[in-house]
Structure formats: structure tokens, C-alpha cells
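Asks: Sequence and predicted structure below; questions after.
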Amino acid sequence: MRNVFSWTKDESVSLVMQTESTECALACLAMIANYFGYQSDLSGLRRRFNVSLKGVNLRRMVDIASSLGLETRARRADIDYLRICKKPCILHWDLNHFVVLGRVTQKYYEILDPARGRVVMSPSEVSKHFTGVLVEFSKGVDFIEKSPEKKVPISALTGRIRGLRGVAAQIIGIAFAIEILGLALPLQLQWVMDQVLVSNDLGLLTAIAVGYLIVTMLMSGLGIVRAWLLSWMGATVSSQWITNLFSHLVRLPMDFFEKRHMGDVMSRFNSVQVIQTTLTSSFVEALLDGLMGGCALALLLLYSKVMTLVVVFCLLLYMVIRVVMYKKLWQVSEEQLVYTSRQQSELMESIRGMQAIKLGNGYASRKDRLGRANDESAKRTMLSQRITLSFSVISQSIINIQRVFLITLGAYLVINGALSAGMLVAYLALADQFSTKLGSFVDKVVDFKVLGLHLKRIADIALTPPESNALGSYVGPALNPSIRFENVSFRYAEGEPWVLRRLNFSIDYGESVAITGPSGHGKSTLVKLLVGLLEPTEGAITIGGIDIRRYGLERYRQIVGAVMQDDHLFAGNIADNVSLYDVSSELTSIVAACQMAGIHEEILSMPMGYETLVGDMGSSLSGGQKQRLILARALYRKPSILVLDEATSHLDAQRERAINEAVAGIKVTRVIVAHRQETIASADRSVDISSLQSFAEESESPAAKKVVICA
Ligand SMILES: Nc1ncnc2c1ncn2[C@@H]1O[C@H](COP(=O)(O)OP(=O)(O)OP(=O)(O)O)[C@@H](O)[C@H]1O
């Protein structure tokens, strides 16, 4: 973004907006690193330095900066020091956030806030947010400059889109024909004025009129065919692109979804629509207009060189204004996208959490949050509209001024006999066509550049590597599903406390083991490791002696059934929810799973039995019914390993016992996380998670590290 059409040199700090909710520190470091010459975008840094959902504390931020070869100096300071400190620097903000301090003048401080954008603040505003801690940076001896990452081909973002080449060629061919026919029209004026009016030749007038009527009708016909083809192409591109992107999305690791707001991911999908609409509306036309501008220019030069000089000068003037204002448009558009996605997230979160909002009388605060996101988004929309509007006014004014000059100069040339009156009229029409088309070409090139913003947002999904080890390299017979944790350690990000440390234990095939332990001690984390949603930081989990990563997570998950704490139902009928929309499902298998999960009778008593629709996220069912339906979904797949994380917490003891007895009848390894005594007692043995691991020589216990949370 720093190199606006790459000929303007800019010493200011380039803004980097955060994507994940907790990566403000990483975004600030990206701005600082870019400033010093390490040109990496946020996703590059994210790939290098993992940040957990809890954000980054000052110490970790300094560690990351050192890894980039930057010298840091963290210090406490008052607001006056900000005038003389080494800039750009990072300020600790509102106790839970980091921002970059750019330029400072007597009256204002330039703050680059990765969550809000570039803002200018008065000293009193800054002192309300600045906590008094800042970090200054300079290049260390190990600092190595890095050029920006190579641009990825657009096909890496779209995936394979079929059937486009032929249509694109037809569209370009038709557009080309329309442009050529369009160039002929001003000649009609010249012929009428110079030939017909002078000779009073009505026959010639009729011939010219009929000829041009045919040209106009041909242009309209071709225009309709082009519009039809464009709409077909638009629909094809967006439907295949969105499908490809979704296929990639579902293969991403779980932490991608945990760290992002739903509205943000949705808005990235909307970007596909924006790109498709821009490309298939007037884009091809404007590009061809630009290319055909060359032909028009040649014609103009044939008429008059001196007048064409005026036309070219006016066009250059417009281009310069457009390029200079491009950076502002980019910045506003980027901020607008971020705020729009925040607005969507706020809205979705409020709708999802309506019950809690009502019970907690939280309307006012939610309304304020949404209102703030709305205001900021509307402000950016207004700004970008103003910029676009200014462009069209400037462009129109330049064309008008150009016309005045051309008429004056042209009249002078006619008086001197260098041009005929007909040539002047034709020239003016051609010059208008040329300026409008080339102006719109420049506009489209800028629009195309701004589309880069949307591509960048799509790249966040399309270029994130999918879950590693999905396929695995194991070739051999099916494995005995006995599980072993071998020295497994896990933490959510480097620099964070270990959640699990050197965990060693085994579970035999067919055994039922209850995992117990106090809340927050890592039981759910262990379960997520076991089902392959997380990967051990150290050590390995094996099945039948083979590391599950080697076995391949997709194959492994075929033998694992799991009920997690936050599992959802989908909108649809009960049978679809149990089989997870399996097209080859048979009702008998669905019924068998539901019988085992103890919900069959209740389903039969529902108005449409297995066809009964469950509301969005299962809202028409009781908590216990939801749990049993999700359990039925896990059992439907006839797993060899069944993992239950608080899966029966909503059930009464009697029903839970009945389910346990039914499940005990099938040969399956069971791992149960539970707090309730009856559930624990139903297992063959129970193990306390704390007894399985050793934090012995860790310098700090998990709770001892205080993390400065960044929001
Ligand atoms: N995505 C995450 N990012 C960072 N830390 C996390 C994440 N998920 C959990 N933690 C932390 O890991 C620790 C273990 O959490 P976990 O959910 O595994 O505990 P638990 O024993 O299952 O708790 P409970 O019994 O209350 O469900 C907690 O300190 C928690 O805050």
C-alpha cells in the first residue's frame, strides 16, 4: 500500500489493520517493521508468530520485535515525552490494546490504530487512552530488510473457474466491434456539414442517415448480446468462486474460526460479490474504451495536432489528480470494510445472544456498540462517496474547460482555413468521446487497484494453509484403536503458559475412561487434541501405535465420534441433523443411533417424527434433547472411539444411566469429561488430569503469568 502506483515516495507509517480480534500487537509490529524496511503483511507475520486468543503481552511483543532484528526500549513515560520520543513507537492503550504513534505536532498526534484506522487526536484525547507505557524501536545489527511478498496469481484466490475463456473472448470481441462502430459516428456530423449542407444533396443525406441508422442498431444489438454474456459470466464467476472459497474455508484449522468474528468472515465472502460486480459491470467496456483511446487519438492527431495537445494535457492533469487522491481513497475504503464487518459482527452477535441481552437488560450497551460501528462505517462510506463524487466533478470540469479551449482554438483554425466547419464539429465530438472514455478508463484502473483491498481480504481465507496432516502418510491395515498420549505438551501460543505439560497415559480399545479435574485445567483442550482439532506443541498422540498426524486426520476422524461442549444443530429436520446431511443415509441407522442416545421415543411423539424441523441452532428443542441429538449424531457414524465432553450434563441421572448402558453394549473406546459423580462412576476408571502431567521444573505456573490482553 505504501507505493501508490509506485512513483511517490512516502516516509509516513503505512497503516495495517488487524484482522483477528486479538492481533493488535502483531499489526502494530507489522507497521513498525514495514517502516524500517521489513515489508511483510500481517498474514506473513501471523504465519511466523502464533498469537493466541488471549492476545500478546508486552514481553512477547518485545520478543517478536527482537526476532525481527529490531532493538526495543520499553519505558514508562508521561504524555509530554511523546513529543520527543523516537517515532514511530508503540503505545499501550486503554489497558487492553496497542496503537502506533506516528507524527506529532504542537496540536495533534497521529495515531495508527489497527482496530480503528488512522486517527488524529488532541493531546487531551491521547492522555485519556495512553496508559503511560510505550516501546521505542530502532534497527538492530541483525535487522534484515525484506522486500514485499511476491504477488500471488489471482487464480490462487479464486480456485479453478471453468467455462470462462470462451465467453470472455466473445465479450471482448463484441466490445471491440462496438468501439470501432462508435468511432464512426462523429464522421457522420462532418459529412453532413461538409458534403450535404454545401451541396444540398438530399440523396447523400438519406444514404448517410440510413447507413448510420444501421450502425446504431448494430451497436444496440451487440450491446444487448454483450450484457447477456456479462451477466452469465458474473453469475458463473461468483458461484464457482464462492464454492471454491468455502471448500477451502472448511479445511482450515479450528483456530482460524476461533480468532475471527463471524461478521468478518462473512464480509470477506461479500468481497467476492463486490469484485464480480465491478468486473462484470462496466469494467470490460471501460478497459476497451481505454485501449480504443489509442485509435481515437490517432484520428484526433490527423485533424489537428495543436488541438490534440490541449486534449492530452487535460487528460494528464486528470490522471495526476486521480493518482494523488488514490491513497486517500484506498485508506478510507480499507477502514470502511473493517467497520462494515464489525457492524455485521455486532449485529450477528446481538441476534445470537438476544436471550442474554434481554435477561441482562443489555439493550442500551449493545445499541451503543452497534451505533458506534454504524457511525464509523457511515462516516467512511460518506468520505469515500465524497471522494468519488469529487472525482466526477473534477473530471466533468476538466472536460468543460477543455471544450471552451477547443472551441476557441478550433474557431481560430477554421477562420485561418486550417480546418473546415464540419471537421471542427467532428473533432469536438471525437475529443469529447476520447476524454470521457479515457477518463473512465483511468477511473476503472483506480477502481481496479482498490479492488486489491477486497482481494487482500479474500486472500486471508484463500491463502491460509489448510489443516496440516489432513491426509497423512500412513499406508497399511486399519489400526487397533487404542490411544496413547506420549509426552504431550500444549500451549495456545508461544510465550503463553503451558495448558498441558508432559502428559503420558494410555487407553485400551473398548475401555471407558473418565477425565476429571478442576475447571480450567485443560480437560477440553485434551479432548480437542484427542479429536485432532488441535495439534500437540510437543509429543504425540498415537492410535494403535501410529501418530494420528501420520495416520491422517480425515481418516482418523472417520473412526472418532465426538460430542463437544459447544456443538450446534443445524436448521433442517431431525434426520438430517443426525446424519449430518449424509445423502446415502438410511433411516434405520438414524433410528438406531437415536435409540442408543435415548431420544427415539421423543422424536416419534413429535408432529412429523424424524422429519420434524429443528429451529436455527436447535432452538425448538430442550437442552437435554439437543445433547441427545448431538450424541446420536456421534453414534450414527458407528465410531470406534467416542469422546464426550460434558455431553450429558443436561440429563437426569436415570436417563444418563440408560444411555450409558446402551453405549456399553457396543465395542467402543470411551473418553468422557465430566464433573458429575454418576457420570464418572459409569466409566471403567477415572483419571485426574493434574496427575497425568508434570509442570515440575516450569519456572512459572500457568496462572502466574499475567497477560496483558489486547482486544
Ligand atoms: N482458544 C484458546 N486460546 C487461549 N487459551 C485458551 C483457549 N481455550 C482455552 N484456553 C485456556 O486453556 C485453559 C484450559 O481450558 P479448558 O477449556 O481446556 O479447561 P477445562 O478443564 O475443560 O475447563 P472446564 O471444566 O471449565 O470446561 C484455560 O486457562 C483456558 O482459559
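Replies: Yes, it's here. Keep in mind the model is a prediction, meaning the values are calculated, not measured.

Asks: in the stretch 251-400 of the chain, what residue is nearest the ligand?
Replies: Glu258 (5.2 Å; Cβ to the nearest ligand atom). Quick note: C-beta positions are derived from backbone N, CA and C, even for glycine.

Asks: My guess is that residue contacts Leu53. True?
Replies: Yes. The criterion here is Cβ atoms under 8 Å, and Glu258 meets it with Leu53 at 5.9 Å.

Asks: Any idea how many residues pack against the closest residue in space to Asp201 that isn't next to it in sequence?
Replies: Of all residues not flanking Asp201 in the chain, Gln195 sits nearest, at 6.9 Å (Cβ to Cβ, 6 or more residues apart in numbering). Gln195 has 14 neighbours, counted by other Cβ atoms under 10 Å.

Asks: wait, isn't Gln195 in contact with Leu202?
Replies: No. Gln195 sits out of contact with Leu202 when judged by Cβ under 8 Å, with a separation of 11.8 Å.

Asks: Now do the shared contacts for these two.
Replies: Contact criterion Cβ atoms under 8 Å, 6 or more residues apart in numbering; residues shared by Gln195 and Leu202: none found.

Asks: So which residues on this protein come close to the ligand?
Replies: Proximity of the chain to the ligand (Cβ under 6 Å from any ligand atom) is limited to residues 52-54, 258, 492, 499, 517, 519-525.

Asks: now these in a markdown table, with pLDDT, secondary structure and distance to Met325?
Replies: Formatted as a markdown table, the residues of the chain next to the ligand follow (pLDDT from 0 to 100; DSSP: H, G, I helix; E, B strand; the rest coil; distance: Cβ to Cβ, whole Å):
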| residue | pLDDT | secondary structure | distance to Met325 |
| --- | --- | --- | --- |
| Ser52 | 76 | strand | 40 |
| Leu53 | 74 | coil | 39 |
| Lys54 | 75 | coil | 41 |
| Glu258 | 82 | helix | 39 |
| Tyr492 | 87 | coil | 44 |
| Val499 | 90 | coil | 50 |
| Gly517 | 86 | coil | 60 |
| Ser519 | 85 | coil | 56 |
| Gly520 | 86 | coil | 53 |
| His521 | 87 | coil | 57 |
| Gly522 | 89 | coil | 54 |
| Lys523 | 91 | helix | 56 |
| Ser524 | 91 | helix | 51 |
| Thr525 | 93 | helix | 50 |
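
Asks: Could you work out the most separated pair of those residues?
Replies: The widest separation within the residues of the chain next to the ligand, taken as Cβ to Cβ, falls between Glu258 and Gly517 and amounts to 22.1 Å.

Asks: So if I had to pick from those two, which one is more boxed in?
Replies: Here Glu258 and Gly517 are set side by side on neighbour count (other Cβ under 10 Å), and the busier one is Gly517, at 18 against 13.

Asks: Now do the same contact list for that one.
Replies: Remark: with contacts taken as Cβ under 8 Å, 6+ apart, Gly517 is in contact with 523, 688-690.

Asks: Now list the buried members of these.
Replies: Buried positions within the contacts of Gly517, assessed by neighbour count (16 or more other Cβ atoms under 10 Å), are 523, 689.

Asks: Pick the one among the contacts of Gly517 closest to the ligand.
Replies: Of all the contacts of Gly517, Lys523 has the smallest distance to the ligand: 3.6 Å, by Cβ to the nearest ligand atom.

Asks: Which residues are in contact with the closest one?
Replies: 515-517, 645, 673, 689.

Asks: In JSON lines: those residues, plus secondary structure.
Replies: Output for the contacts of Lys523, formatted as JSON lines (DSSP: H, G, I helix; E, B strand; the rest coil):
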{"residue": "Ile515", "secondary structure": "strand"}
{"residue": "Thr516", "secondary structure": "strand"}
{"residue": "Gly517", "secondary structure": "coil"}
{"residue": "Asp645", "secondary structure": "strand"}
{"residue": "Val673", "secondary structure": "strand"}
{"residue": "Ile689", "secondary structure": "helix"}
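
Asks: rewinding a little: OK, contacts around the residue nearest to Asp201?
Replies: For Gln195, the contacting residues are 201, 204, 422, taking Cβ under 8 Å, 6+ apart as the criterion.

Asks: Same question for Gln402.
Replies: Applying Cβ under 8 Å, 6+ apart, one finds that Gln402 lies in contact with 310-311, 314, 431, 435.

Asks: where's it, which helix or strand?
Replies: The secondary structure element spanning Gln402 is helix 363-415 (assigned by DSSP states H and E).

Asks: Which SSE is immediately downstream of that helix?
Replies: Sequence order places helix 421-462 as the next helix or strand after helix 363-415, per DSSP H and E.

Asks: in the helix or strand following that following helix, what counts as buried?
Replies: Scanning forward in sequence from helix 421-462 by DSSP H and E, the next helix or strand is strand 483-490. Residues 483-486, 488-490 are the ones in strand 483-490 that count as buried (16+ other Cβ under 10 Å).

Asks: What of stretch 456-471?
Replies: Buried residues in stretch 456-471, counted by 16+ other Cβ under 10 Å: 456-464, 467, 469-470.

Asks: related to what we said a few turns ago, most neighbours among the residues of the chain next to the ligand, please name it.
Replies: With neighbours defined as other Cβ under 10 Å, the most crowded of the residues of the chain next to the ligand is Gly522; it has 23 neighbours.

Asks: ok, that residue touching Leu692?
Replies: No. The pair Gly522 and Leu692 fails to qualify as a contact (Cβ under 8 Å) at a distance of 9.7 Å.

Asks: Let me see the ranges of the helices in the stretch 1-150 of the chain.
Replies: 24-36, 42-48, 58-67, 81-84, 123-129 (DSSP state H, counting those that start in this stretch).

Asks: Now tabulate the ones you listed in JSON lines and tack on mean pLDDT.
Replies: Formatted as JSON lines, the entries for the helices of the stretch 1-150 of the chain read as follows, by pLDDT from 0 to 100:
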{"stretch": "helix 24-36", "mean pLDDT": "91"}
{"stretch": "helix 42-48", "mean pLDDT": "81"}
{"stretch": "helix 58-67", "mean pLDDT": "88"}
{"stretch": "helix 81-84", "mean pLDDT": "90"}
{"stretch": "helix 123-129", "mean pLDDT": "90"}
